[in-house]
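A.B. asks: I would like to see how this sequence folds:
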Amino acid sequence: MIRVVIDSATDINQQIIDLYGDKFDFIPLSVIMDGKSYTDRVDVTLQEVHNYMKDGNMPKTSQISPQAAIDKFTEIAEAGDDAIYISLSSALSGTYQVGMNALREVQEEYPDFKGAIIDSKSAAGLLTILYVQAQELIKADVPFDEIVELLNKQAEHGVTFLCVDDLNWLAKGGRLPKAIGTIGSMLKVKPFLSLDDNGEIIKEALVRGKDRVYTKMIEKSIDLLQQTAEQIVVVSHVGRVEIAEKIKASIKEAVNATILITEISPVTAAHIGIGGAGVFFLNHVPNEYRIPNALKH
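C.D. replies: Predicted coordinates:
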């Protein structure tokens, strides 16, 4: 059996957990609040992280631990199964390399264990899409190596759009000087961000007004989605489901897509802050792409 492994950079909602719950393999990152490290989704919940941020605090995150990755791959190998680990972008975190090192170590002890690490070149909702595709390809009995090839190709076509509600969050995270964050907030300037082909954050635009920045993201998303076949679109948010619902409704009115709403993982939320939102999809939909009936609505 092939098992798909994900981590805390993946935006998972209850609908997806219910669909693939019996095959849910997870390696947690750590969330650091008030100097104390918590294992994400083990001894701290997403809501607790959001509540901490609502009080104006900036959590920190750390990559998966080498031992956690080794333990997970060892568990899978001892069960006689194979593993595909979908990783946070290697340009954003060392998690990809930790996973690679752990996989090599376990394969030395279990030479028959087949494993692969997929660099998502993204975070959040794009990992969700790759996770669903991996599970559906496994259900269709597609061979291991072909699944890996298809997932790597899809990762090359991922689109990640992010909106930040308050520039101060980027300043707190060290991605902007504090003075710029303060001035930007006073002027009500909102950044519209994306990830480049290497998975690194780039600025699409600076827009004045919260509603306008989300409108900009919606318009750009619709423009690209109208050029592709039907697919899954993930709309994620940080503690503002009403924003996600508005984005979903606007996209749904313009294109034929299966749209999932999720809460952004602590890994991404720690960088974009409360009120942030993202839209994730592919700019090219391959023939092998699958949309589970259970997710269509």
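A.B. asks: in the stretch 101-250 of the chain, which segments are predicted with low confidence?
C.D. replies: Along the stretch 101-250 of the chain, segments meeting pLDDT under 70 span 167-188, 198-204, 208-210.
A.B. asks: which residues in the stretch 51-200 of the chain form strands?
C.D. replies: Assigned by DSSP state E, counting those that start in this stretch, the stretch 51-200 of the chain shows strands spanning 60-62, 82-87, 115-119, 158-163, 189-195.
A.B. asks: doesn't G239 fall inside a strand?
C.D. replies: No. Using DSSP: H, G, I helix; E, B strand; the rest coil, the assignment for G239 is coil, not a strand.
A.B. asks: Any idea which of the strands of the stretch 51-200 of the chain gets closest to T268?
C.D. replies: strand 158-163 (7.8 Å; Cβ to Cβ). Yep, even glycine has a C-beta here, placed from its N, CA and C like the rest.
A.B. asks: In CSV, list the C-alpha atoms belonging to the closest one.
C.D. replies: Provided in CSV are the C-alpha atoms of strand 158-163 (Å, rounded to 0.1, in the frame of the first residue of the first chain):
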residue,chain,number,x,y,z
GLY,A,158,0.7,25.5,-8.7
VAL,A,159,-0.7,29.0,-8.2
THR,A,160,-0.6,30.6,-4.7
PHE,A,161,-2.2,34.0,-4.0
LEU,A,162,-2.1,35.5,-0.6
CYS,A,163,-3.5,38.7,0.9
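A.B. asks: any residues touching it, and which ones?
C.D. replies: Contacts to strand 158-163, defined as Cβ atoms under 8 Å, 6 or more residues apart in numbering, come from residues 120-126, 129-130, 190-195, 201, 204, 213-214, 217, 220-221, 224, 268, 272, 276-283.
A.B. asks: on that earlier part again, a markdown table please, covering the strands of the stretch 51-200 of the chain and showing distance to H50 and mean neighbour count.
C.D. replies: Compiled in a markdown table, the strands of the stretch 51-200 of the chain are given as follows (distance: least, Cβ to Cβ, whole Å; neighbours: other Cβ atoms under 10 Å):
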| stretch | distance to H50 | mean neighbour count |
| --- | --- | --- |
| strand 60-62 | 14 | 17 |
| strand 82-87 | 24 | 25 |
| strand 115-119 | 28 | 23 |
| strand 158-163 | 17 | 24 |
| strand 189-195 | 20 | 22 |
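A.B. asks: just so I know, which of those lies nearest A244?
C.D. replies: A244 lies closest to strand 158-163 among the strands of the stretch 51-200 of the chain, at 11.1 Å (Cβ to Cβ).
A.B. asks: The closest one pairs with which strands, parallel or anti?
C.D. replies: Sheet pairing of strand 158-163 (DSSP bridges) gives strand 189-195 (antiparallel), strand 277-282 (antiparallel).
A.B. asks: Just give me the neighbour total for R290.
C.D. replies: When neighbours are counted by other Cβ atoms under 10 Å, R290 registers 15.
A.B. asks: ok so, going back, buried subset of the contacts of strand 158-163?
C.D. replies: Neighbour-count burial (16 or more other Cβ atoms under 10 Å) applied to these gives 120-126, 129-130, 190-195, 201, 204, 213-214, 217, 220-221, 268, 272, 276-282.
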